[in-house]
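Enquirer: got a predicted structure plus its sequence, pasted below:
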Protein chains: 2
Amino acid sequence: MNIVCIGSGNVATHFAIALKAIGADIVQVWSHDGKNAEILAALTKAEPISNWDDLDRSADCYLIAVKDDAIAGVAAHLTDVKGVVIHTSGATPMSVLSEVKSGYGVIYPLQTFSKSKAVDMTQVPLCIEADQPLTLEKIQVIAQLLSPKVSVITSQQRSILHLAAVFACNFSNHLYQLSSGLLEQYNLNFDLLKPLILETAEKVQSNAPAEAQTGPASRGDQKTIKKHLDLLNGNPDLQKIYETLSNSIKKTHL
Amino acid sequence: MNIVCIGSGNVATHFAIALKAIGADIVQVWSHDGKNAEILAALTKAEPISNWDDLDRSADCYLIAVKDDAIAGVAAHLTDVKGVVIHTSGATPMSVLSEVKSGYGVIYPLQTFSKSKAVDMTQVPLCIEADQPLTLEKIQVIAQLLSPKVSVITSQQRSILHLAAVFACNFSNHLYQLSSGLLEQYNLNFDLLKPLILETAEKVQSNAPAEAQTGPASRGDQKTIKKHLDLLNGNPDLQKIYETLSNSIKKTHL
């Protein structure tokens, strides 16, 4: 299978390397920044391009992994290629590709990627969608080679998944950051919290989050809540977050 | 070393089993509920008691692991025992034990315990404090037998650690629950989010949370933020949490 990789960021890099590993041929890596295209192209023995005139229009698959805002612009250059066109965004409807004549769809990898940390693609849930059954079959073949965790979902379900991921992951990470800042203020090392952070995430791998909930709000311990709000005096932003989340916990647990 | 364990809940159970494993003799387990005392006493070959008149007053150590509100009441029965008296609470100042004549202090285990899940005590940071250097030495000996991660901290630092743990863990778990609820509403399985939740917690084991932050708020992507708030129409509580946390992320990242 010949694949053109459009983009050279975190997601593009993880996909291109994983696709190469399952035996696909990455023929080209496109990036608006030629330098980035060269790095990923070198890793996957592909041709780096940054000019659309150089695009190989006869590949089996065009995998788009660029910033959400750039997908529509990229799609405009792929309307009459030979292969199936796939984007990888959680927040972008499949319809952004509707001008593509050769079949189109989505492979949304539900994971956070950073260039510095390897991610085992076989552990990543891949949520797929396609314009028609024939394209879905093609996309399914690619996705199942990458990971056994493939789900067919709608664009609306994908946007809900993306929203839920913001709650569970982007917001959790921000809470880690706020707690790290609190510790720093009192000469305490963030290392102290790391085992607890990991255990909290591990617990919900086998227990429902509602059952795993602990802490003052879940047991209605107003005395401790008041003490915590007092400790946050002079930091109204943290107080607001503490109150908002504690009230939400109370609503679901008391 | 002879230890009396006061309490028979999650923390008491994990401590008693770990202390037994390092060769301590659990002589008694006290619980206001005789049945619970019996279960833990059976596990640790101790005598179960629920009447303070039966207390062995000659043990080397009295470990209190009861609800925060109950610590003062327990301490009143331990003012003239032979051994050192230790509580294990994050939110309770050491001074609650100030009537104890034989030396007192705190071992605060920074981990979340549930009876159904084993926790490797050697991976748990233990934050200790004592009334005087001699007691600190005794407590340090016990703590270091349990875990290599022992830190001496003040009551104020402990209350900050406890507050930070609420942010990083109790609140994160609640966000997992909210995301799980969102998925359920749209017939999506919470399993889809589990690898992402784990990876988010694993990332901050080796990276600062500020560097690991991703998502629409951290890149100022107002279009996606607006889309998410629209998806949450009809759910003002979730909208408020989304806005509060997104604004806080923007403040620290933009």
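Expert: Arrived safely. Numbers count the residues shown, from 1 in each chain, chains lettered A, B, ... in the order given.

Enquirer: buried ones in stretch A:197-211, by neighbour count?
Expert: A:197-204, A:209-210 (16 or more other CB atoms under 10 Å in any protein chain shown). The way it works is simple: take the backbone N, C-alpha and C, and place the C-beta from them, glycine included.

Enquirer: and if you look at stretch A:66-86?
Expert: Neighbour-count burial for stretch A:66-86, counted by 16+ other CB under 10 Å, picks out A:66, A:68, A:71, A:74-75, A:78, A:81, A:83-86.

Enquirer: keep the buried residues of stretch A:197-211, but drop any that are not near chain B.
Expert: Among those, the residues lying close to chain B (CB under 8 Å from any CB of the partner chain) are A:197-204, A:209-210.

Enquirer: tabulate the residues you listed (a markdown table), appending pLDDT and secondary structure.
Expert: Listed next are these as a markdown table, based on pLDDT from 0 to 100; DSSP: H, G, I helix; E, B strand; the rest coil:
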| residue | pLDDT | secondary structure |
| --- | --- | --- |
| A:I197 | 97 | helix |
| A:L198 | 96 | helix |
| A:E199 | 94 | helix |
| A:T200 | 96 | helix |
| A:A201 | 97 | helix |
| A:E202 | 95 | helix |
| A:K203 | 94 | helix |
| A:V204 | 96 | helix |
| A:P209 | 96 | helix |
| A:A210 | 95 | helix |
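
Enquirer: for these, which two are the farthest from each other?
Expert: Pairwise distances across those (CB to CB) peak at 20.2 Å, for the pair A:L198 and A:A210.

Enquirer: which one is A:K20 nearest to, not counting chain neighbours?
Expert: Leaving out its chain neighbours, the residue that sits closest to A:K20 by CB to CB, 6 or more residues apart in numbering or on different chains is A:T44, at 4.9 Å.

Enquirer: same question for A:E243.
Expert: Nearest to A:E243 is A:L229, by CB to CB, 6+ apart, at 7.1 Å.

Enquirer: could you check the pLDDT of the one you found?
Expert: Predicted confidence (pLDDT) for A:L229: 98.

Enquirer: so who does it touch?
Expert: A:239, A:242-243 (CB atoms under 8 Å, 6 or more residues apart in numbering or on different chains).

Enquirer: give me the below-cutoff pLDDT ranges for the stretch 1-150 of chain A.
Expert: Along the stretch 1-150 of chain A, segments meeting pLDDT under 70 span A:115.

Enquirer: what parts of it come near chain B?
Expert: Residues of the stretch 1-150 of chain A lying near chain B (CB under 8 Å from any CB): A:68-69, A:91, A:110-112, A:114, A:116-117, A:119, A:123-125, A:127.

Enquirer: can you add distance to B:T13 and secondary structure and give the residues you listed back as CSV?
Expert: Converted to CSV, those look like this (distance: CB to CB, whole Å; DSSP: H, G, I helix; E, B strand; the rest coil):
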residue, distance to B:T13, secondary structure
A:D68, 49, helix
A:D69, 53, helix
A:A91, 45, coil
A:L110, 36, coil
A:Q111, 36, coil
A:T112, 35, coil
A:S114, 38, strand
A:S116, 40, coil
A:K117, 36, strand
A:V119, 36, coil
A:Q123, 33, helix
A:V124, 37, coil
A:P125, 35, coil
A:C127, 41, strand
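
Enquirer: what's in contact with the helix or strand harbouring A:L40?
Expert: Using DSSP states H and E, A:L40 falls within helix A:34-44. Outside helix A:34-44, the residues that touch it by CB under 8 Å, 6+ apart are A:5, A:8-9, A:12-13, A:16-17, A:20, A:26, A:28-31, A:46-50.

Enquirer: just those: which are in strands?
Expert: Within these, residues falling in strands by DSSP state E are A:5, A:26, A:28-30, A:47-49.

Enquirer: ok, so of the residues you listed, who is nearest A:A217?
Expert: A:C5 (46.1 Å).

Enquirer: the closest one bridge partners, please.
Expert: A:V29, A:L63 (DSSP bridges).

Enquirer: now do the same contact list for the residue of chain A positioned farthest from its centre.
Expert: Of all residues in chain A, A:K223 has its C-alpha farthest from the mean position, at 39.2 Å, by CA atoms, centre = their mean. For A:K223, the contacting residues are B:68-69, by CB under 8 Å, 6+ apart.

Enquirer: which strand or helix spans it?
Expert: helix A:222-231.

Enquirer: alpha carbons of that helix, as PDB, please.
Expert: The C-alpha atoms that make up helix A:222-231 are tabulated as PDB, following Å, rounded to 0.1, in the frame of the first residue of the first chain:
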ATOM      1  CA  GLN A 222     -17.800  20.700  54.900                       C
ATOM      2  CA  LYS A 223     -15.100  21.300  57.600                       C
ATOM      3  CA  THR A 224     -12.300  20.200  55.300                       C
ATOM      4  CA  ILE A 225     -13.800  22.000  52.300                       C
ATOM      5  CA  LYS A 226     -13.800  25.200  54.300                       C
ATOM      6  CA  LYS A 227     -10.300  24.600  55.500                       C
ATOM      7  CA  HIS A 228      -9.100  24.200  51.900                       C
ATOM      8  CA  LEU A 229     -10.900  27.300  50.700                       C
ATOM      9  CA  ASP A 230      -9.200  29.200  53.500                       C
ATOM     10  CA  LEU A 231      -5.800  27.900  52.400                       C
END
